[in-house]
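J.: Provided below are the primary sequence and the corresponding predicted coordinates.
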Number of protein chains: 2
Amino acid sequence: MPLYCQLKDTLKAAIERGKLKPNDRLPPETELAQLFQVSRMTVRQALIELENEGFIRRRQGQGTFVAERKFRQSLLRLTSFTEDMQSRGLKAGARVLSVKVISGDENLMQRFEAAPDEQFVRLERIRLADGEPMALEISFLRRKFCPRIEEIDFTDRSLYVTLREEFGLELGWASQTIEAKLADEYEAKVLGVPVGVPLLLMQRITYLADGLTRIEYVRSSYRGDRYQLYVEVMR
Amino acid sequence: MPLYCQLKDTLKAAIERGKLKPNDRLPPETELAQLFQVSRMTVRQALIELENEGFIRRRQGQGTFVAERKFRQSLLRLTSFTEDMQSRGLKAGARVLSVKVISGDENLMQRFEAAPDEQFVRLERIRLADGEPMALEISFLRRKFCPRIEEIDFTDRSLYVTLREEFGLELGWASQTIEAKLADEYEAKVLGVPVGVPLLLMQRITYLADGLTRIEYVRSSYRGDRYQLYVEVMR
DNA sequence: TAGTGGTCTAGACCACTTT
DNA sequence: AAGTGGTCTAGACCACTAA
């Protein structure tokens, strides 16, 4: 592992464990270089990446400081429902409504740019936060990348963790749309809300780490009365 | 202006003007260094920032390539309605509903962490895309940073451009929430839609470039039938 | 004025990909 | 084997901030 990554991890761990608190000042770059027996440029690479990830702020003439907690959370990243709920301090869960292997759906083939005979796994779940229905989530996966995934029970299991640990699939990025719509009869029934309540509809196509291969299409309908997206955006 | 910024701007301009096309390979780092008469580390700093901004992809052993257009657009950034519509190929406009100077609002004072006697300007506009109502936007500005801004007509004028050009205010970042709700009677009337249609509600607090000073609070209600957010998110 | 981060150099060797 | 980006060094001077 590169030296700058080791230094990065060391500092990140110190911040996350509370050994370094928000607004604490870090030692100057020259001092860190001596401490870790590396050159200043190596220290700088570690610090620049930590700043980009929101863990620290660097100010010319002043020094380097641990960022406020809220600043290092929830810049919009590719997260699973499980991770999202964890960061909100809620316990994520699921009720599996159906699991199917399907193929030949025109719409899906287009979204995935897939061959006509390719198989997909359709996983439909109600997502729970502290046991309460929060969203209806319908995921489509390309079965050739995760064979027999339909045999796994996703009641209390993160899909993304499973993709990584069982199938060695590293996710890279996703393109996502967000819109407002009304709950139809089916959505209302499974979410336990009246027909016509507002929902936040998010549709996502997830790509692997190579940046090109599409692995997942997911359509999530969040209850408008319980769910709010939070984003920090830069100019 | 630093050398690496000059190089960055040069390359960015070449990409934006189409002189360098998607998937074109850039010269290797050593060659760029010779071409621009700078060290390789300086070239690298320019390239790393261009990669972070989505203009290029770098691959060890292969080279540096111009990124696909869609990859360099619309990562979620702090944009004005005007910029947002431009990037969608629509013409942005506005109908000013009211402009007021107000003070003493508890709620506002809290959002801005402002003194009890501070004055705010409240600007309420219907935002138009190609002449059609798209959103109701209510902006609150701290008047001490932009005195007499209430005398400006924002019918065909970007608020953010005005803040920069008339008042020298550079925006830095914003914290933003996004949720789904139903149109109430007032919203329905001014947007020209029935009561109860779904709306995408975005609330934003905008900070200046210093990262600390809050300058704007804006509450935008977008028509759910016409507006969709698009985001690309990284893992 | 002293100390911080910001920029820059001219090398070096390594890891990865393609030929 | 050749060429690419990835990591790293040991210096240097500059710009900004605070005392």
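T.: Done, it's in. Numbers count the residues shown, from 1 in each chain, chains lettered A, B, ... in the order given.
J.: Find the residue at the geometric middle of chain A.
T.: For chain A, A:T79 is the residue whose C-alpha lies nearest the centre (CA atoms, centre = their mean; 0.8 Å).
J.: Could you measure from that one over to A:S158?
T.: According to CB to CB, to the nearest Å, A:T79 and A:S158 sit 10 Å apart. The C-beta positions use only the backbone N, C-alpha and C, and glycine is treated the same way.
J.: Same question for A:A209.
T.: Distance of A:A209 to A:S158, computed by CB to CB: 18 Å.
J.: The two: which is more packed in?
T.: More crowded of A:A209 and A:S158, by other CB atoms under 10 Å in any protein chain shown: A:S158, with 17 against 12.
J.: Assign the most far-flung residue of chain A relative to its centre to one of the three secondary structure states.
T.: Computed with CA atoms, centre = their mean, the residue of chain A farthest from its C-alpha average is A:Q34, at 36.5 Å. At A:Q34 the chain is in helix, as set by DSSP: H, G, I helix; E, B strand; the rest coil.
J.: So it versus A:R40, what's the distance?
T.: 9 Å.
J.: which stretches of chain A form helices?
T.: Assigned by DSSP state H, the helices in chain A fall at A:3-16, A:29-36, A:40-52, A:69-72, A:81-87, A:106-112, A:159-167, A:185-191.
J.: Now do the longest one: which elements does it pack against?
T.: It stands for helix A:3-16. Using 3 or more CB pairs under 8 Å, 6 or more residues apart in numbering or on different chains; DSSP states H and E as the contact test, the elements touching helix A:3-16 are helix A:29-36, helix A:40-52.
J.: and those, which is most packed in?
T.: Per residue and on average, the most neighbours among those fall to helix A:40-52, with a mean of 18 (mean count of other CB atoms under 10 Å in any protein chain shown).
J.: Can you name the residues that contact the residue nearest to A:L32 when sequence neighbours are not counted?
T.: Distance criterion CB to CB, 6 or more residues apart in numbering or on different chains; nearest residue to A:L32, sequence neighbours excluded, is A:V43 at 4.6 Å. Contacts for A:V43 (CB atoms under 8 Å, 6 or more residues apart in numbering or on different chains) come out as A:Y4, A:L7, A:E29, A:L32, A:A33, A:F36.
J.: and A:N23, how many residues sit next to it?
T.: 10.
J.: quick one: the nearest residue to it once chain neighbours are set aside from DNA strand D, how far?
T.: Using CB to CB, 6+ apart and skipping the chain neighbours, the partner closest in space to A:N23 is A:F65 (5.6 Å). Noted for A:F65: a distance of 12 Å to DNA strand D, by CB to the nearest atom of the strand, to the nearest Å.
J.: Please see if stretch A:111-122 touches chain B.
T.: No: using CB under 8 Å from any CB of the partner chain, stretch A:111-122 stays clear of chain B, coming no nearer than 13.7 Å.
J.: average pLDDT across that stretch?
T.: Stretch A:111-122 carries an average pLDDT of 91.
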